[in-house]
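Student: below is the sequence, then the predicted model.
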Amino acid sequence: MSIKVIGLMELTDPNAFEEYRKQVGQTVELYKGLIYARGAITEIFWNELNCNPFSAYVELHFPSQEDAHAWANSPQYQALVPIRNQAMKLTLFGVTI
């Protein structure tokens with residue numbers, strides 16, 4: 001079953017974000033994934049869960065949940081986590097499709 005991985009981001013360091021963005025796509029591709037969409041959040045219609053603010057999002061597609069897990073825990077992606085932590089606060093979750 002295919003899975004979408006959705007990331008909600010509050011960007012904190014634009015330079016670190018550009019460095020992260022340059023490298024993350026290669027790690028996704030190594031694990032059969034695709035960056036399907038990304039962009040800026042322009043409006044929040046409801047926030048009944050009182051989520052922390054976020055300004056950007058990303059949508060990744062993977063063929064399976066196993067591929068998504070392999071990517072998220074891979075040495076290639078884990079090497080980017082320090083840059084990611086400097087660049088943003090992130091909520092990342094999977095949705096089966």
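Tutor: Yep, that arrived.

Student: how about the strands of this protein, start to end?
Tutor: Along the chain, the segments classed as strands by DSSP state E run 3-11, 34-40, 56-62, 88-96.

Student: how many residues are close by Ala37?
Tutor: Neighbour count for Ala37, taken as other CB atoms under 10 Å: 12. For glycine as for every other residue, the C-beta is placed from the backbone atoms N, C-alpha and C.

Student: can you redo the strands of the chain as JSON lines with mean pLDDT?
Tutor: Written out in JSON lines, the entries for the strands of the chain read as follows (pLDDT from 0 to 100):
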{"stretch": "strand 3-11", "mean pLDDT": "97"}
{"stretch": "strand 34-40", "mean pLDDT": "97"}
{"stretch": "strand 56-62", "mean pLDDT": "98"}
{"stretch": "strand 88-96", "mean pLDDT": "96"}
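
Student: can you lay out these as CSV showing distance to Ala79?
Tutor: Formatted as CSV, those follow (distance: least, CB to CB, whole Å):
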stretch, distance to Ala79
strand 3-11, 18
strand 34-40, 18
strand 56-62, 18
strand 88-96, 16
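
Student: the ones you listed: which one's closest to Asn47?
Tutor: Smallest distance to Asn47 across those (CB to CB): 11.6 Å, for strand 3-11.

Student: Trp46 is nearest to which of the strands of the chain?
Tutor: strand 3-11 (14.4 Å).

Student: in its sheet, which strands sit next to that closest one, and in what direction?
Tutor: Using DSSP bridges, the strands paired with strand 3-11 are strand 56-62 (antiparallel), strand 88-96 (antiparallel).

Student: to Gln26, which of those strands lies closest?
Tutor: Closest to Gln26 of the strands paired with strand 3-11 is strand 56-62 (CB to CB; 13.0 Å).

Student: now the phi/psi pair for the residue lying farthest from the centre of the chain, please.
Tutor: Distance to the chain centre peaks in the chain at Glu48, reaching 22.6 Å (criterion: CA atoms, centre = their mean). The phi/psi pair for Glu48 (degrees, to the nearest 10) reads phi -70, psi -20.

Student: with the one 4 residues further on instead?
Tutor: Backbone dihedrals for Asn52, given as degrees, to the nearest 10, come out at phi -60, psi 150.
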